[in-house]
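Got a sequence here, can you build the structure:
(one chain, ligands or ions: 1)
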Amino acid sequence: MLPAACIKPHLQVWSTKPKRATGKARLLRGAWTTPVTALVGVAGSLADQRRVRRAAAAAACATRGLGGSRGRILVTGGCGYIGSHTVLELLEAKFEVLILDNLCRSDSACLHRVLRLAAEHLHVEVDELRGHLRLKKVDLCDEESLEAALKFESFRAVIHLAGFKSVGESMREPLRYYENNVVGLLNLVKVLKRHHVSKSLVLSSSCTVYRPSDAKISEDSLLEPTCPYGNTKRVQESMLQDLVESDGWTVSCLRYFNPAGAHSSGSLGEVLYPSSPLMLVPLLRQVALGQRKELKIFGDDYDTKDGTAMRDYIHIQDLADAHVAALQHLLAGEAAFHVFNLGTGFGRSVLEVLQAYQDASGCELQYKIEQRRAGDAAVAVADSKLANDLLGWYAHRGFEEIMASDWTFALHTKGNDSLYNESCFISQHLVPEPYEVGNVYRAMVKEIQKASKQVGSMSIHSWSPALDTTQYVIDLGGTYLRAFKLGPDGYLKLGPVKVPEQLKLKSTSARDLFDFMASAVAKFFQPMDIGGEQLCLVFSFALESENDGVTRMRRWAKDWATSGVEGANLTELMDLALKRQKLPLRVSRVMNDCISSVFALGAIRTSSGPNVADAAVVVGTGTNACYVDRSGKSVFSTEWAGFRKGLPSTAADVELHGDELTLEKMVSGLYLPRIVEQLCPDAGSLSMKDLVKALEGPETPMKTSAQFVIRRSAYLCAQALAALIEVAARGKPDGEVFHVLLDGGLFHCVPIYRAQFEYFLAKRQALLPVPVKLHLLKDAASIGAAHAGQLWKPGQAAD
Ligand SMILES: O=c1ccn([C@@H]2O[C@H](COP(=O)(O)OP(=O)(O)O[C@H]3O[C@H](CO)[C@H](O)[C@H](O)[C@H]3O)[C@@H](O)[C@H]2O)c(=O)[nH]1
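Take a look at the predicted model:
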């Protein structure tokens, strides 16, 4: 079990929509319940509250192993691109941070990486640092919520980064820009003032406030924005300047030129969201990744060296450094209004940026010249001498480094979805680092290549699609036994019959288990069936076929341990059991369930198209996948269930499985309820059926946990299948569809599982080498086995 402390969030996110409450409860609601705010809740006057806050803060610092805090900073928009890098710098400089973010174009998952990077930098454990970073989900345009979030807080300073930042978008939707940027800041400063939260502020401004100029722009250059975005920045600056003059505030406006690039670790960078317009460098990233055909260059008729517009690109880490430098300058000074340009002083054209990104990525980048974009200046290059002189700040990182760092970030995050943008406690324990999830795909490709060499395969040379004889099949799954009679007229099915638990125990003999299976066939055996003297045995466990056609069980899995089966000749065991039942049947084939599923596609597609699937995936009690190697016409079992490399383990996984963590333990029906039990200790012992029931019921912590665990399973399976396709599709002619057969309880009985699986695979599909088609078929293993089985003639060795 996870200790209770582990289950509580360390990095909390909650909505601060005020609710009606009275007295003490009201004072505490929505506030961070550290001793600081708890004491504020019972203190009397404002002065008392301040004293109590200071005393509590000092006490908190004294017990910390980080050498004391330099004070609390409020960062709006701290989960965004500039925000995440700035928050990291602040933590590394030993400030404590509260982030306000509405997460509309950002996501809180980056904060895990911020914490990890800061902990590495400070040589402390991540857990020691968690109390230094908090997040409240709040929209600055919602004044009531903002007030509830800040009422009882106080900060040495505020860094205001929240807002929209696209020149092009602002031309199309100016009012949205005024609303978000101007009203957002107005609400913020009103609340800061009303509740004495802080009077020191660093503003994220922009060089778009200036009149365009071919010469380097200094802080006293003429102000004349050419787009609504620039206008909103200009209004923000004026509003703050008036506050400095009327109310003794201290403000620094940082006029950014063009921030770009990513953190040197490759784990923080500009994440792309469907709702946010893209800047030049992320657009080039998409072209390099094949997610976008070409870059549209807005205008090649400017009066510049190559006709394309010139900008001053500044590395995001240099920009983040500047925030800390400006903050320290602000904290040291008197009431004042400062403005600083932040750039490198070097202008680069769009074509130069494209060339540099091409060099960094090694990918050829296509482009097309388009009309100029309205609102764009021809040139914007900074004179940052003031920041150099007053802040002691310089942009250290070069142009090439900007592009290289963005490409490193792209490789780290390639193919990731913002799946893990969960603002609930579960995310703290099940959310792996997004780029680790990206690794799953790459690790799987390698593992599947390796596994296909180790695991026995089965030939499909003699495959024929139609069933013209009767075939009996026994399918032993992890939980159920199914017996079938299949023939030209369809099929009869017995079961699923739950395998009694005692048959799985070590104390049970192979004979008992096989007698149980043979008795199932006896229930509908008819001696007159044409060709019905054969029985296929399907096992959802790892098998080993030898050259002489003997198939043995390699090892039990899924909590089975019946004695005398591992390593035994399964044909022999079953033939003996059939004899004991006095059935005139002989075992024709013994097949792994996943391998036999490949042969079942014929049951769906007999009239046209292929009759053998290219791959099969079974996700039920356990999980496995296999694929057809077209060149050798063989089916390979990938032993997918056993994969253990590259999996994104989290606290809950480690607690449950330690070093034993395999893909099966993160995705299959036998284990998912165990993970939910960890998250909801009060729920007691759960089965997969309980999870399905919870999913259909009202909102409860168990439902939320079940949803998350199932989504994660579907996500990992989709990644693993994508990896398998990458390996298997190599033998396929260009453009030909790759058919995948799906079977197993999770696909059939948990609709959200299948939907999520398809969704995640579809997101991956753009990166896959072939178009993919999924076919869902119940009893695929047995249907496929019957097809494969009818080719066998008595006396012939099964391959
Ligand atoms: O598809 C595209 C996108 C951009 N560009 C060009 O690339 C340059 C950079 O454009 P971005 O959209 O990346 O950035 P902007 O220069 O428009 O804006 C950025 O820089 C501004 C100052 O110049 C502000 O700081 C603003 O917040 C910031 O996003 C511009 O010449 C633009 O015309 C293209 O040619 N094609």
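
So, low pLDDT: which residues of the stretch 151-300 of the chain?
Within the stretch 151-300 of the chain, the segments meeting pLDDT under 70 span 274.

which residues of it fall in strands?
157-160, 200-206, 250-256, 258-260, 295-298 (DSSP state E, counting those that start in this stretch).

Same list (those strands) but as JSON lines, adding mean neighbour count.
(Each C-beta comes from the backbone N, C-alpha and C, glycine too.) Converted to JSON lines, those look like this (neighbours: other CB atoms under 10 Å):
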{"stretch": "strand 157-160", "mean neighbour count": "26"}
{"stretch": "strand 200-206", "mean neighbour count": "25"}
{"stretch": "strand 250-256", "mean neighbour count": "24"}
{"stretch": "strand 258-260", "mean neighbour count": "25"}
{"stretch": "strand 295-298", "mean neighbour count": "19"}
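
Now do the same contact list for whichever residue of the stretch 301-450 of the chain sits closest to the ligand.
Closest to the ligand within the stretch 301-450 of the chain is residue 309: 3.2 Å, counting by CB to the nearest ligand atom. Taking CB atoms under 8 Å, 6 or more residues apart in numbering, we find residue 309 in contact with 298-299, 302, 349-350, 376-379.

Could you pull up phi and psi at it?
phi -70, psi 150 (degrees, to the nearest 10).

Next: the one 10 residues further on.
Backbone dihedrals for residue 319, given as degrees, to the nearest 10, come out at phi -60, psi -40.

Could you measure from it over to residue 503?
From residue 319 across to residue 503, the span is 65 Å (CB to CB, to the nearest Å).

Looking at the two, which one has more neighbours?
Taking neighbours as other CB atoms under 10 Å, residue 319 and residue 503 compare with residue 319 leading, 27 against 18.

Was I right to think that one contacts residue 81?
No - with contact defined as CB atoms under 8 Å, residue 319 does not count as touching residue 81 (9.8 Å).

Now do the shared contacts for those two.
With CB under 8 Å, 6+ apart as the test, residue 319 and residue 81 both reach residue 259.

Would you format the strands of the stretch 151-300 of the chain as a markdown table with distance to the ligand included?
Below are the strands of the stretch 151-300 of the chain laid out as a markdown table (distance: least, CB to the nearest ligand atom, whole Å):
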| stretch | distance to the ligand |
| --- | --- |
| strand 157-160 | 14 |
| strand 200-206 | 4 |
| strand 250-256 | 5 |
| strand 258-260 | 4 |
| strand 295-298 | 4 |
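
Turn those into TSV, columns for distance to residue 408.
TSV is the format used below for those (distance: least, CB to CB, whole Å):
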stretch	distance to residue 408
strand 157-160	26
strand 200-206	25
strand 250-256	22
strand 258-260	13
strand 295-298	20
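
Which one, of those, ends up nearest to residue 540?
For the strands of the stretch 151-300 of the chain, proximity to residue 540 was assessed by CB to CB; strand 295-298 is nearest, at 49.6 Å.

name the helices or strands packed onto the closest one?
Contact here means 3 or more CB pairs under 8 Å, 6 or more residues apart in numbering; DSSP states H and E; on that basis strand 295-298 packs against helix 280-288, helix 350-361, strand 367-370.

so where's the stretch 501-650 of the chain shaky on pLDDT?
528-532, 546-549, 605-610, 632.

Which secondary structure state does the closest residue to the ligand within it sit in?
Closest to the ligand within the stretch 501-650 of the chain is residue 648: 32.1 Å, counting by CB to the nearest ligand atom. Assigned with DSSP: H, G, I helix; E, B strand; the rest coil, residue 648 falls in the coil class.

where along the stretch 1-150 of the chain do the strands fall?
Going by DSSP E, counting those that start in this stretch, the stretch 1-150 of the chain shows strands at 72-76, 96-101, 133-137.

per-stretch mean pLDDT over those strands, give me the minimum one.
Per-segment mean pLDDT for those reaches its minimum on strand 133-137, at a mean of 87.

Which strands and helices lie in contact with that one?
Applying 3+ CB pairs under 8 Å, 6+ apart, we find strand 133-137 packed against strand 96-101, helix 110-122.

out of these, nearest to residue 201?
That would be strand 96-101 among the helices and strands packed on strand 133-137, by CB to CB, at 13.2 Å.

Can you read off the pLDDT for the residue of the stretch 301-450 of the chain closest to the ligand?
Reported pLDDT for residue 309: 97.

So which bits of the stretch 351-500 of the chain are right by the ligand?
By CB under 6 Å from any ligand atom, the residues of the stretch 351-500 of the chain that approach the ligand are 373, 376, 380.

can you list those in JSON lines and add pLDDT?
Shown next, in JSON lines, are those (pLDDT from 0 to 100):
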{"residue": "373", "pLDDT": "90"}
{"residue": "376", "pLDDT": "90"}
{"residue": "380", "pLDDT": "96"}
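
Would you mind giving the domain segments of the protein?
64-414, 436-451+621-776, 461-593 (automatic domain parsing).

now the helices: where do they sit in the stretch 451-600 of the chain?
Listed in chain order, the helices of the stretch 451-600 of the chain (DSSP state H, counting those that start in this stretch) span 510-522, 570-580, 593-598.
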